[in-house]
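Student: return atomic coordinates for the entry below.
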Amino acid sequence: MKVDAHQHFWNFDWFTYAWPTEQEKAIYRTIEADELEPLLKQTGIEKTVIVQADNSYADTVYMLDTASRYEWVAGVVGWVPLDRPEEARRKLEEFSANPYFKGVRHLIHMEADPDWIIQSNVIEGLKVLAEFELTFDLVSVLPEHLVHAPRLAEEIPELKIVIDHLSKPPIKEREMEPWATLIKKAAAYPNIYAKVSGLNTAADPKSWTWEDIKPYIDLSFEIFGSERLMFGSDWPVANLAGDYRKVYEETVKAVEGRPQEEVDNLFGQTANAFYRLNL
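Tutor: Below is the predicted model of the structure:
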């Protein structure tokens, strides 16, 4: 079963999002499930995981409501205030009763402090998350974010962590460092996984192809193994540098020649196991 482990929806009538803004004209509008559905059929994707787009309860409630109305939604990665552990515990008790609720993400890249994630109260919040056997999506866009992944893995070894978008490697610059060194350190911890997602927006938005993203995907297979890698479209953010179909097809081309088991893991089995989707 093919799974898109990372996609978003937003409804501007529901509430005000911090992002996207007017600068992202292509996606600065309400974008919901009915718009994605035909794209899933075109690519053969059978299930998706909706990932939070805002640090708010309203966004989580909206995603869970969407999941209940579309049979192809397998899970939701929501939000709780990790920096307020007791409040997080109360909300996790509520949200975890919903079978679609699989994990939590916080938009750490929108925090002024790049060390936000390793504050003592946030670490306590992540420990609470681990108690509920839920997952954590680490949205890492700066080296300063990625450098904290090993510390999280060490302090909370029972917490399953996935690095979103391979931590945005320097694809446009055609460089590997410091990304390669930092991602290798993170991959040394068995409770850290990674998403092959969002690579198109790290490349040249006008001309990128599978050849641009392949070196970064190859290294990721080498250090994580296919059993800790999962595909995500990052749609509709993907529309800033292509579209859903291009992201899927270019990723398929980038992994051509790999054993079928590895491809199956990337496009479904890993996400199914990580998020416990029960597919």
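Student: which helix in the protein has the most residues?
Tutor: In the chain, with assignment by DSSP state H, the single longest helix is helix 210-224.
Student: for that helix, name the packing helices and strands.
Tutor: helix 179-187, strand 192-196, helix 244-254 (3 or more C-beta pairs under 8 Å, 6 or more residues apart in numbering; DSSP states H and E). Every residue, glycine included, has its C-beta placed from N, CA and C.
Student: now these in TSV, with mean neighbour count, mean pLDDT and distance to residue 34?
Tutor: Shown next, in TSV, are these (neighbours: other C-beta atoms under 10 Å; pLDDT from 0 to 100; distance: least, C-beta to C-beta, whole Å):
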stretch	mean neighbour count	mean pLDDT	distance to residue 34
helix 179-187	19	98	36
strand 192-196	25	98	25
helix 244-254	19	98	14
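Student: what does the longest helix of the chain contact?
Tutor: Helix 210-224 is contacted from outside by 166, 169, 171, 174, 176, 179-180, 183-184, 187, 193-194, 196, 199-200, 203-204, 229, 250-251, 253-255, 258, 262, using C-beta atoms under 8 Å, 6 or more residues apart in numbering.
Student: how about stretch 135-145?
Tutor: In contact with stretch 135-145 (C-beta under 8 Å, 6+ apart) are residues 51, 77, 102-109, 114-115, 117, 126, 129, 146, 149, 152, 159-165, 167-168, 178-179, 182, 274-275.
Student: please repeat the previous calculation with a cut-off of 7 Å.
Tutor: Here stretch 135-145 makes contact (C-beta atoms under 7 Å, 6 or more residues apart in numbering) with 51, 77, 102-105, 107-109, 114, 126, 129, 146, 149, 159-164, 167-168, 178, 182, 274-275.
Student: distance between it and the chain's centre?
Tutor: 10 Å (C-alpha atoms, centre = their mean, to the nearest Å).
Student: same question for stretch 134-141.
Tutor: 7 Å.
Student: what's residue 32 sitting at in phi/psi?
Tutor: Dihedral pair for residue 32: phi -130, psi -180, per degrees, to the nearest 10.
Student: do I have it right that it meets residue 12?
Tutor: No: judged on C-beta atoms under 7 Å, residue 32 makes no contact with residue 12 at a distance of 10.4 Å.
Student: the more surrounded of these two?
Tutor: residue 32 (15 against 12; other C-beta atoms under 10 Å).
Student: quick one, helices of the chain?
Tutor: Using DSSP H, helices in the chain cover 33-43, 57-69, 85-95, 120-131, 143-146, 149-155, 179-187, 210-224, 244-254, 260-264, 270-274.
Student: please identify the most buried of these.
Tutor: Ranked by mean neighbour count under mean count of other C-beta atoms under 10 Å, these are led by helix 270-274, which reaches a mean of 23.
Student: chain center to that helix: distance?
Tutor: 12 Å.
Student: could I get the average pLDDT for it?
Tutor: Averaging the model's pLDDT scores along helix 270-274 yields 98.
Student: next: stretch 101-118.
Tutor: So the average pLDDT for stretch 101-118 ends up being 96.
Student: going by mean pLDDT, which of the helices of the chain comes out lowest?
Tutor: Among the helices of the chain, helix 143-146 carries the lowest mean pLDDT (a mean of 91).
Student: now residue 223: how far from residue 134?
Tutor: Distance of residue 223 to residue 134, given as C-beta to C-beta, to the nearest Å: 25 Å.
Student: give the contact list for residue 179.
Tutor: Taking C-beta under 7 Å, 6+ apart, one finds 167, 169, 170 in contact with residue 179.
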